[in-house]
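Asks: Okay, sequence plus prediction incoming.
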Amino acid sequence: MAGMIPYSDYEKALRRAWPFGAFDDFFAPLAAINADDAFKMNVEDAGDKYIVTAELPGVKKDEVDVELNEGRLSISVDKKESDEEENKNYLQKETSEWQASRGVYLKDAATEGLTAKMDGGVLTINVPKQAEKANVTKVAID
């Protein structure tokens, strides 16, 4: 049992296997950011609302877009390099520009009263719940 790998981590484990792990280490700076590794997101059901938190260290609030569309809450990040950063002569640079988007479906999310706050690299979104509506309409047969 100790040697078992969760299915979601299977691809990562294969990439670390010899000899491919050495190639991945060499080309790591050139690799694109995996959507799963881009940023972590938690969704909490707090009774009368949902609390969604996303870890976005080093991201400014104007680089983040939050949208609720028919129950789907989407968080998009477009991290850009500043002009000040572009003009520096780096010997090694491990930060880069990147884009990522994560989303979650909240079936009873209200479109009114949403709030979002960015503090210390953590985005917190409060999504109030609405009373669940019946989606089924009975039709009487004559």
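Replies: Now that the structure is in, tell me what you want to look at.

Asks: so who does the residue sitting nearest the centre point of the chain touch?
Replies: For the chain, the residue nearest the mean C-alpha position is R102 (3.6 Å; Cα atoms, centre = their mean). Neighbouring residues of R102 by Cβ atoms under 8 Å, 6 or more residues apart in numbering: A35, A38, F39, M41, A54, S74, I75. Where C-beta positions appear, they are placed from N, C-alpha and C, glycine not excepted.

Asks: Buried among these? Make that a ChimeraX selection.
Replies: This is the ChimeraX syntax for the buried subset of those, where burial follows 16 or more other Cβ atoms under 10 Å:
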select :38,39,41,54,75
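
Asks: Quick check: mean pLDDT of stretch 76-96?
Replies: The average pLDDT for stretch 76-96 rounds to 80.

Asks: Keeping just the C-alphas, turn it into CSV.
Replies: Extracted C-alpha coordinates of stretch 76-96, given in CSV (Å, rounded to 0.1, in the frame of the first residue of the first chain):
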residue,chain,number,x,y,z
SER,A,76,-8.8,34.2,-13.8
VAL,A,77,-5.3,35.5,-13.2
ASP,A,78,-3.2,37.2,-15.8
LYS,A,79,0.2,37.9,-14.1
LYS,A,80,2.2,40.3,-16.1
GLU,A,81,5.8,41.4,-15.8
SER,A,82,6.2,45.1,-15.0
ASP,A,83,8.3,47.4,-17.2
GLU,A,84,10.7,47.8,-14.3
GLU,A,85,11.3,44.0,-14.3
GLU,A,86,11.8,43.8,-18.0
ASN,A,87,14.7,46.3,-18.0
LYS,A,88,16.7,44.4,-15.4
ASN,A,89,19.7,42.2,-16.4
TYR,A,90,19.0,38.9,-14.5
LEU,A,91,21.6,36.2,-14.1
GLN,A,92,18.8,33.8,-13.0
LYS,A,93,15.1,34.5,-13.0
GLU,A,94,12.6,32.1,-11.6
THR,A,95,9.5,34.3,-11.8
SER,A,96,7.6,34.8,-15.0
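
Asks: I'm done for today, thanks for sticking with me.
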